[in-house]
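Novice: Sharing a model that was predicted from the sequence below.
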Amino acid sequence: MIFYPMRALLLAGKLLGERKYIDPVLERIDIYLSEQLPNGAFTSNYRQQPTSQLSKKEFHELLRCGKLNVADVGSNVIGIMQAAEFVGSEKRTEYLNAVRRWLDDWVPIWALPDGGYGNGIWCGHKLNAPYTCGMSTVMMALSAFSMITGEGEYIENAERCAGFQCGKWLDDGRSIFMNCYPLTEQALDDYSHSFYLLEGLCWTHYVSKNKKIKDLIEKRLTEWIFSERGLLSQWSESWFSFQNPYREVPGDELDSSRRGLRPGWEQAKSNGIPHTFLYYLNHIEDNPVLRAKTELGLKYLSHPLKARMSGVASDPEESYGMFAVQSVGFAGLSLAEAVKADSVFDLKA
C-alpha cells in the first residue's frame, strides 16, 4: 500500500527536478532491502526488523504464516527499479540484484505450467493456483526488469503469463478474474480491481517485441473498453459515475469479483486507471470518446476538492481517509502520465 505513493513521489521528483521528493523514498527502499529473506522473498509489508536480526525460528515462522505474496511485492519491486535511477552505481547494483533475487529465486516457485502464477504465501496459505492480481504485478516486474537489463528471459515469462490471462476473457468484453482465496475460482473482474491487470498488460505491451502477444493484448484491451459490455457502455458523463460495469444480470455464469465502485480501497485504485487509458490512447488507438472521458478524469484528479472525494489527500478521520495515502499514490501515476507521456514506464537501463 505504501509503494504506490513512493512511486508517485519518485515520479514527482523526476518531473519537477526536486530531490526533496526522492530522498525520503530512498531511505525507505533501503529499509525494505534490508528485510529481503534468504530465499529471495520479501514480505509484502515492512517488518521493521532487518533479516540479519531474524532467528531461524522467526524465519520459519514467516514461511509458515507470514505475508510473502507475489501480488503485493510485484508492485513493490517496480518501486525499487524506479528508485535505482537516483542512486550511485554501487547502490544501483544492490537494488537491481535484490530484484533479480526475487525474480530468480522466489517467483519461479509459484510459476504454473499454463503460464500463470500463484500468489506465494499469505497468512499461512500456500497459494499456487492462478491469481490475476499476482500474475499482473509479476508481468509488470518481469517486463520492467527485462527492459532495464536487456535480458530476454524475463519478458518471455511475462508474455507467457499475459497470453494465459488474455485467454480468460468473455466475448462481450469482460475479463475473468482468477482467484485463489480461499479456494480456486473464476469471477468477472470489476472496474477498480482491473487496475492491476491493466497495468500488467500495458507494461508487457510496452516492453515486448513479440507481435503476436502485443496484438493479443491490444485486442483484449480494446474489448475491455469498447465491446458490448465493455467499460464505455457503462460510463456516464461524470467521472467515476458508473452503473457497476460488472454487476450480475440474469444469465451470467460467473459472480462479480467485487460489488461496484465504493469509497475506500476500490476507489483508491480507480484513481490509477487513467494512466492505463493514456497508454492505450498513445500506443494503441487514439479514440476521441475515450480521450474525452480520460481528460475528464484527469481534470477531476487535478482539482483538489474533487479529488478528495476519491480519497486523494483526504482527512484520515473521514471515511475515505483510511486509504488517503494510497489514493494519492494511484492518482500520482495518472497525473504523471498526463504531464509527460510514458513517464510511468520510463525506467533507465
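Specialist: Thanks, I have the structure now. Numbering: from 1, shown residues only.
Novice: At which residues are the helices of the stretch 1-150 of the chain located?
Specialist: Per DSSP state H, counting those that start in this stretch, the stretch 1-150 of the chain carries helices over the ranges 3-16, 23-33, 56-65, 70-83, 89-101, 132-149.
Novice: Which one of the ones you listed lies nearest to residue 121?
Specialist: helix 56-65 (6.7 Å; CB to CB). The way it works is simple: take the backbone N, C-alpha and C, and place the C-beta from them, glycine included.
Novice: Report how many residues lie close to residue 28.
Specialist: 16 (other CB atoms under 10 Å).
Novice: which residues touch residue 287?
Specialist: Neighbouring residues of residue 287 by CB atoms under 8 Å, 6 or more residues apart in numbering: 225-226, 281.
Novice: my bad, residue 138
Specialist: Counted by CB under 8 Å, 6+ apart, residue 138 has contacts 70, 74, 107, 117, 158, 161, 200.
Novice: and the most centrally placed residue in the chain, what element?
Specialist: Central residue of the chain (CA atoms, centre = their mean): residue 196, 4.0 Å from the mean position. For residue 196, the host element (DSSP states H and E) is helix 195-207.
Novice: Check which helices and strands that helix sits against.
Specialist: helix 132-149, helix 152-166, helix 211-226, helix 265-270, helix 273-283 (3 or more CB pairs under 8 Å, 6 or more residues apart in numbering; DSSP states H and E).
Novice: please redo it, this time with the cut-off set to 6 Å
Specialist: Counting contacts by 3 or more CB pairs under 6 Å, 6 or more residues apart in numbering; DSSP states H and E, helix 195-207 is packed against helix 132-149, helix 152-166, helix 211-226, helix 273-283.
Novice: thinking again about what came up before, please tabulate the helices of the stretch 1-150 of the chain in a markdown table, including the columns mean pLDDT and distance to residue 270.
Specialist: Below are the helices of the stretch 1-150 of the chain laid out as a markdown table (pLDDT from 0 to 100; distance: least, CB to CB, whole Å):
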| stretch | mean pLDDT | distance to residue 270 |
| --- | --- | --- |
| helix 3-16 | 97 | 13 |
| helix 23-33 | 98 | 24 |
| helix 56-65 | 96 | 32 |
| helix 70-83 | 97 | 16 |
| helix 89-101 | 98 | 28 |
| helix 132-149 | 97 | 15 |
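Novice: Turn the ones you listed into TSV, columns for distance to residue 293.
Specialist: Below are those laid out as TSV (distance: least, CB to CB, whole Å):
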stretch	distance to residue 293
helix 3-16	22
helix 23-33	32
helix 56-65	44
helix 70-83	25
helix 89-101	35
helix 132-149	23
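Novice: so which of the helices and strands packed on helix 195-207 gets nearest residue 328?
Specialist: helix 273-283 (13.8 Å).
Novice: Give me the helices and strands touching the helix or strand just after the closest one, please.
Specialist: Counting by DSSP H and E, the next helix or strand C-terminal to helix 273-283 is helix 288-302. The helices and strands touching helix 288-302, judged by 3+ CB pairs under 6 Å, 6+ apart, are helix 273-283, helix 324-339.
Novice: closest one to residue 95 among the ones you listed?
Specialist: Per CB to CB, nearest to residue 95 of the helices and strands packed on helix 288-302: helix 324-339, 19.6 Å.
Novice: tell me which residues in the closest one are buried?
Specialist: Residues of helix 324-339 classed as buried by neighbour count (16 or more other CB atoms under 10 Å): 324-338.
Novice: For residue 272, find the nearest of the helices of the stretch 1-150 of the chain.
Specialist: helix 3-16 (7.3 Å).
Novice: Only alpha carbons, please: show that closest one as CSV.
Specialist: In CSV, the C-alpha atoms belonging to helix 3-16 read as follows (Å, rounded to 0.1, in the frame of the first residue of the first chain):
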residue,chain,number,x,y,z
PHE,A,3,4.9,1.6,-2.6
TYR,A,4,2.4,3.2,-5.0
PRO,A,5,2.7,6.5,-3.1
MET,A,6,6.5,6.1,-3.1
ARG,A,7,6.4,5.5,-6.9
ALA,A,8,4.4,8.7,-7.2
LEU,A,9,6.9,10.7,-5.2
LEU,A,10,9.8,9.4,-7.4
LEU,A,11,7.8,10.5,-10.5
ALA,A,12,7.2,13.9,-8.9
GLY,A,13,10.9,14.3,-8.1
LYS,A,14,11.9,13.4,-11.7
LEU,A,15,9.3,15.5,-13.5
LEU,A,16,9.8,18.5,-11.2
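Novice: No further queries at this time; thank you.
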